[in-house]
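Student: Everything below, folded, please.
(2 chains)
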Amino acid sequence: MRLPDRVTGLFLVGLGAAAAYGGWQLPPVPGQPVGPNVFPLVIGTGLALCGLAITFGIGRSFEEEEHLIPVEGGQPPPPTNKLYGLRALLPPALLLLYVAIAERLGFILTAAMIVYVTSTALGARWKIALPLALLAPIGIHLIFSKLLRVPLPPGVLPMPW
Amino acid sequence: MLNTLTQAFSLITTWEVIIAMLAASVYGLVIGSLPGLSATMATALLVPVTFYLSPIAAIATIVAASTMAIFAGDIPGALLRIPGTPASAAYADEAYAMTRKGEAELALGAGVWFSAVGGIAGTLSLMILAPPLAEIALSFSTFEYFWLAFLGLMCATLVARSSPVKAIASMFIGLLVACIGIENPGGVPRFTFGMTNLFGGIEPIPALVGVFAVAQVMRAMLTPEPPPIPRRKFGSILAGQWKLTKKYNWQMTRGNIIGIIIGVLPGAGADMAAWVSYAMSKRFSKEPEKFGTGHVEGLVEAGASNNASIASGWVPSLLFGIPGDTIAAIAIGVLYMKGLNPGPTLFTEKASSMYAIYLMFIIANIIMIPLGIVMIRLASHVLRAPRSTVMPVIMLCCAVGSFAIGNNIFGVVIVATFGVIGYVMEENGYPVAAMVLGIVMGTMIEQSFVTSLIKSDGSVLPFFERPIAAILAAMAIGALIWPVLVWVWRKFRREPIVATSAR
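Tutor: Sure thing, here's the model as predicted:
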């Protein structure tokens, strides 16, 4: 997901301009010189200016190259095709899935699914992933629902406690 | 004074606090020693649990977990050359070189011993610095608070190990996030896009969990698994540490002082302290040629430094609500939740709670020595837990924890969103710590800014008229133009820019 500075810079210019415009549109408080519109205006302008500077590469010379420590023993480098990078989006996607279905399916089943998928994606065999998917949700449920009284959705598979 | 001290003692000698502290210590040691799970993440995931504890027990968990995690990061650093937390990255090479020379005990012992010394020095600084500063801060008006917050934000961008322009941009993004909601001078819905869930604004804690925990799981998806730790037997861990203390007394003291200063600076935390101290140690050493070959001197200084910064990071947090580092940013959230709103009056009205915090820091640093030794001996077992079993549990904690904060499923959406934001920013060299500071301080800086402007009828002059405000303003503006000056200087000199190898 390493994007060129030009792209992130221009994105920030857009974001800043939008924020400044959005702030400008807010109604002022009658009888007061400053209201809710001032702060977004200042921030948006600042952000847009920073975006411009980044686009033109100002300040680049300060960036330090990341200090990567090579792993000894040498593992094979990960395959670098385009789809591989999308794997990073799996965790947030699973969280959004949780938002979408936890209410109906219940915590235990949804959580088991999240654990199984994450674990397999990180390279676990089913012999590890399956027991983990069975035990981890129950453990978390015990701690949060029983001990801390968080109302987790029961769904189709309520826990006996 | 004595009365408050006994009160503080009775506050922390309840079973709830003791158990919370021990459990959080073990938790901090485990999370800190697992590579890829940072101390900040350990603290962030702890917040939902603190909801259900009494105020003192809640703070106890944070104090204990963060202290332990910073030390525990040294363990895989020394044994695997992979720092457990970013704060140990500065000297992981050195510690590993010592292990290869057969001095693993000395390296790990120095880690635990000087971490404890540093932590206690940091606590002393908190005890000594905070009350007199609170006296001064009582006379602050919104002008001073504005400049103070501004200065805090500028510090965060100055110390980022990245381009200052990107750091400032990150900070603005954070401030923009803080604009969302109806909690603004006009009480109108701002940037909510008609979503009722956004009316209350973005809660800092789910955002922090996203940035520090989800983003880390995302990164794990693309990086190879670290190798398991080789099994080994350890000799005595603390042998020879007293001798080192006497030999490197000055280095240790310098590490403590640097750690304290960096901790107090907003936004700069343990990892920065360790880098600076390690570099200083090398620069001023009598035998700099030994650095990198397994020399304990740098470990002493940097190990003391990163733990000293943890406690002193609480100074600006408790006084002004300005986080000294990302862990303190989380702590501020918890303080607000528990009715211990940061501010100078905390030291007069809730003095016994403050003493309880000092005591907890000291206790945490003392029990770190025995617990740390146990952890070192168990390390080869704990660190065998593969990432594919740890990360899924963290995912569940993110989902449940962010839900628990407001019993609102929207919290999970925030966590996921900020996971993506944090990941993309980090990948592209935008320091997330600066954004976090912006989110945490946004409301405060806007309030002090707008209130000041209303008081002054829209004129900017009063911002510079009060003496303390003028000093703070000068410092803040200096911090703002400093990178510009350096940039101009470099252009002028036409020096080839070399990546600093001094570290």
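
Student: where does the stretch 401-503 of chain B dip in pLDDT?
Tutor: B:483, B:494-503 (pLDDT under 70).

Student: Close to chain A: what parts of it are there?
Tutor: B:403-404, B:407, B:409, B:412-413, B:415-417, B:419-420, B:423-424, B:427-430, B:446, B:449-450, B:453-454, B:457-458, B:483, B:487, B:490, B:497, B:499-500, B:503 (C-beta under 8 Å from any C-beta of the partner chain). Yep, even glycine has a C-beta here, placed from its N, CA and C like the rest.

Student: one more time with 7 Å, if that's ok
Tutor: B:403-404, B:407, B:409, B:412-413, B:415-416, B:419-420, B:423-424, B:427-429, B:446, B:449-450, B:453-454, B:457-458, B:487, B:490, B:497, B:499-500 (C-beta under 7 Å from any C-beta of the partner chain).

Student: Selection in ChimeraX covering whichever of these are buried, please.
Tutor: Selecting only the buried entries of those in ChimeraX, with 16 or more other C-beta atoms under 10 Å in any protein chain shown as the criterion:
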select /B:403,404,409,412,413,415,416,419,420,423,424,427,428,429,446,449,450,453,454,487
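
Student: ok, longest helix in chain B?
Tutor: The longest helix of chain B (DSSP state H) is helix B:104-137.

Student: So for that helix, mean pLDDT?
Tutor: For helix B:104-137, mean pLDDT is 90.

Student: what do you get for stretch B:210-227?
Tutor: Mean predicted lDDT for stretch B:210-227 stands at 86.

Student: can you tell me the distance between the two ends of that stretch?
Tutor: End-to-end distance for stretch B:210-227, by C-alpha to C-alpha, to the nearest Å: 26 Å.

Student: mind listing what's buried in that stretch?
Tutor: Those buried within stretch B:210-227 under the rule 16+ other C-beta under 10 Å are B:210-222, B:226.

Student: Around chain A, pick out the residues from the stretch 251-400 of chain B.
Tutor: Near chain A, when you scan the stretch 251-400 of chain B using C-beta under 7 Å from any C-beta, you find B:386-389, B:391-393, B:395-400.

Student: B:Val315: what's it in contact with?
Tutor: B:126, B:129-130, B:264, B:324 (C-beta atoms under 7 Å, 6 or more residues apart in numbering or on different chains).

Student: got JSON lines for those, with distance to A:Pro40 too?
Tutor: Below are the contacts of B:Val315 laid out as JSON lines (distance: C-beta to C-beta, whole Å):
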{"residue": "B:Leu126", "distance to A:Pro40": "36"}
{"residue": "B:Leu129", "distance to A:Pro40": "35"}
{"residue": "B:Ala130", "distance to A:Pro40": "34"}
{"residue": "B:Val264", "distance to A:Pro40": "31"}
{"residue": "B:Gly324", "distance to A:Pro40": "27"}
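
Student: Please save the CA atoms from stretch B:414-433 in CSV.
Tutor: The C-alpha atoms that make up stretch B:414-433 are tabulated as CSV, following Å, rounded to 0.1, in the frame of the first residue of the first chain:
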residue,chain,number,x,y,z
ILE,B,414,-14.7,3.1,14.0
VAL,B,415,-12.1,0.5,15.0
ALA,B,416,-12.1,-1.0,11.5
THR,B,417,-12.0,2.4,9.8
PHE,B,418,-9.1,3.6,11.9
GLY,B,419,-7.3,0.3,11.4
VAL,B,420,-7.2,1.1,7.7
ILE,B,421,-6.4,4.7,8.2
GLY,B,422,-3.5,3.8,10.6
TYR,B,423,-2.2,1.2,8.3
VAL,B,424,-2.2,3.3,5.2
MET,B,425,-0.6,6.3,7.1
GLU,B,426,2.1,4.2,8.6
GLU,B,427,2.9,2.6,5.3
ASN,B,428,3.3,6.0,3.7
GLY,B,429,5.5,7.6,6.3
TYR,B,430,2.8,9.6,8.1
PRO,B,431,3.4,9.1,11.9
VAL,B,432,0.2,7.9,13.6
ALA,B,433,1.3,9.2,17.0
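
Student: Just give the nearest non-adjacent residue to residue 45, would you?
Tutor: In the absence of a named chain, chain A is used. Distances taken as C-beta to C-beta, 6 or more residues apart in numbering or on different chains place A:Ala20 nearest to A:Thr45, at 5.3 Å, with adjacent residues excluded.

Student: The chain in question should be chain B.
Tutor: Nearest one to B:Leu45, counting by C-beta to C-beta, 6+ apart, is B:Cys397 at 5.1 Å.

Student: Mind listing what's buried along the longest helix of chain B?
Tutor: Within helix B:104-137, the residues scored as buried using 16+ other C-beta under 10 Å are B:104-127, B:129-130, B:133-134, B:137.
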